[in-house]
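# I would like the atomic coordinates for the input below:
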Amino acid sequence: MKQFHDYRRLTLRLAASAALLALMGAHSALAASHGDNLAPLAVEAPAPPPLALSPQVVEAASEYRAYLRHASNIATRFENGQAIEANLAEAESYEPQQLARGAEAYAAIIALQDPAFVAGVRIYAVNAAMRRDMAERIIADPGYATVMPGAATAAALIRKTMSAQGHHISKLGMEIKQAAYDVQHQSWSKEFVTDREARLARAKVLSSAPMTAAPEEMRNMTQAVSGSAEFVRADLVTAGNSDLTGPNYTPFVRRALAIAALASLGEGGSENEAALRGLMDESSAGFCLNMSKLNLYQCLAVAKPWYEDMFCMGMHVMVDTGQCLSKAAGDNDIAGEAMVASAATPARSSAAHARTHHVAH
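Residues are numbered from 1 along each chain as shown. So this is what the prediction gives:
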């Protein structure tokens with residue numbers, strides 16, 4: 001309720017500014033009717049500052065987009081153990097907290113593609129005092145961004161796009177998981193993984209190594225901050241399900257809108273780097289992605305034949321990760337096995353489940 005009243009007061013201040021502009025127009029008309037004998041009314045009406053988003057935030061978004069590209073290129077069918085290991089190494093190469101921050105930054109850039117949201121926020125940017133006041137309120141409480149004009153449509157863009165991305169990654173994972181069952185008629189798939197301990201150690205190293213984005217990715221994301229037709233065409237999902245089975249404003253979506261609002265105010269630059277970093281550190285998505293890694297390590301620790309490595313990759317590298325992204329955006333209608341099921345049974349590994357499934361069939 002306090003948030004609503006604060007927003008109401010800001011709206012009244014805005015109305016006062018609009019009334020002042022109307023007075024300027026009336027004064028000009030009156031001056032014209034009296035032969036320009038009236039002195040001009042001196043009122044400052046500065047233009048709002050340009051949109052601004054810290055290079056660190058743009059870089060984080062670029063790293064997330066690079067992850068999407070790599071994940072989409074993961075093979076779902078394999079001819080030998082070496083192919084499995086090569087794709088496993090590619091798919092598991094992300095640090096959970098970095099990916100969560102990158103997803104948050106990327107979601108903010110999605111919101112900046114909504115003209116109604118950007119215009120609605122920039123109403124408050126023409127006055128320096130109002131702009132700073134609004135920025136401070138958003139930093140203190142990201143939920144302020146959800147009452148901005150256009151927030152609902154910007155949130156819908158985030159939910160649709162990131163839900164679709166999560167579903168796509170999960171779908172690839174389910175295909176790999178199914179292939180782990182289908183391939184078992186081939187003798188090579190039942191041979192034991194070579195140097196299993198080294199393979200597990202490598203997974204942990206690759207899961208802690210920082211990701212990097214190509215310079216071209218950075219340029220694309222930098223352009224998208226001010227609106228990019230190419231980004232909209234290549235990345236956004238504007239059609240499809242508008243009634244996803246989750247809340248409209250998850251903590252992840254609220255923080256993404258807050259970052260986008262600061263950028264629209266011209267307050268999202270490096271001068272607010274600490275605040276932006278705090279907004280990107282949303283705990284639930286990071287926790288979910290970290291759990292997927294722990295499940296992967298557990299799975300690889302007991303996996304012996306090659307087809308079990310396929311299962312580990314499909315379920316815990318791809319399906320779990322895709323589910324984390326979809327859930328963060330507010331989509332609880334996720335295909336595949338629920339992540340909580342795989343996380344709730346640590347004593348019975350996913351690889352063991354794969355063996356049980358094989359015996360049962």
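# From here on, just use CA atoms for contacts and neighbour counts.
OK.
# Convert stretch 311-330 to CSV, retaining C-alpha atoms only.
Only the C-alpha atoms of stretch 311-330 are listed here, as CSV (Å, rounded to 0.1, in the frame of the first residue of the first chain):
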residue,chain,number,x,y,z
PHE,A,311,21.5,-39.7,-19.0
CYS,A,312,23.4,-37.5,-16.7
MET,A,313,23.9,-34.9,-19.4
GLY,A,314,20.3,-34.9,-20.6
MET,A,315,18.7,-34.8,-17.2
HIS,A,316,21.0,-32.7,-15.0
VAL,A,317,22.9,-30.5,-17.5
MET,A,318,20.0,-29.7,-19.9
VAL,A,319,16.6,-30.5,-18.4
ASP,A,320,17.4,-29.1,-14.9
THR,A,321,19.0,-26.0,-16.3
GLY,A,322,16.1,-25.3,-18.7
GLN,A,323,13.6,-25.8,-15.9
CYS,A,324,15.5,-23.3,-13.7
LEU,A,325,15.3,-20.6,-16.4
SER,A,326,11.6,-21.2,-17.0
LYS,A,327,10.8,-21.1,-13.3
ALA,A,328,12.7,-17.9,-12.8
ALA,A,329,10.6,-16.2,-15.4
GLY,A,330,7.4,-17.4,-13.8
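# Leaving out sequence neighbours, find the closest residue to residue 192.
residue 305 (4.1 Å; CA to CA, 6 or more residues apart in numbering).
# OK, contacts around that neighbour?
Applying CA atoms under 8 Å, 6 or more residues apart in numbering to residue 305 gives the contacts 189-193.
# Tell me the spatial nearest neighbour of residue 78, not counting adjacent residues.
Closest to residue 78 by CA to CA, 6+ apart is residue 84, at 6.2 Å.
# brain fart, residue 168
Counting by CA to CA, 6+ apart, the residue nearest residue 168 is residue 322, at 7.3 Å.
# per-residue confidence for residue 331?
For residue 331, the model assigns a pLDDT of 87.
# what comes up buried for stretch 73-82?
Residues of stretch 73-82 classed as buried: 74-78, 81 (neighbour count, 16 or more other CA atoms under 10 Å).
# just to revisit the earlier point, elements contacting the helix or strand hosting the residue nearest to residue 168?
Secondary structure assigned from DSSP states H and E places residue 322 in helix 320-328. Applying 3 or more CA pairs under 8 Å, 6 or more residues apart in numbering; DSSP states H and E, one finds that helix 320-328 contacts helix 151-182, helix 251-265, helix 283-302.
# relative to helix 151-182, how tilted is that helix?
Helix 320-328 runs at 160 degrees relative to helix 151-182, counting by axes from the mean of the first three to the mean of the last three CA atoms, to 10 degrees.
# How far does stretch 141-158 sit from its chain's centre?
In terms of CA atoms, centre = their mean, to the nearest Å, the centre of stretch 141-158 is set 14 Å apart from its chain centre.
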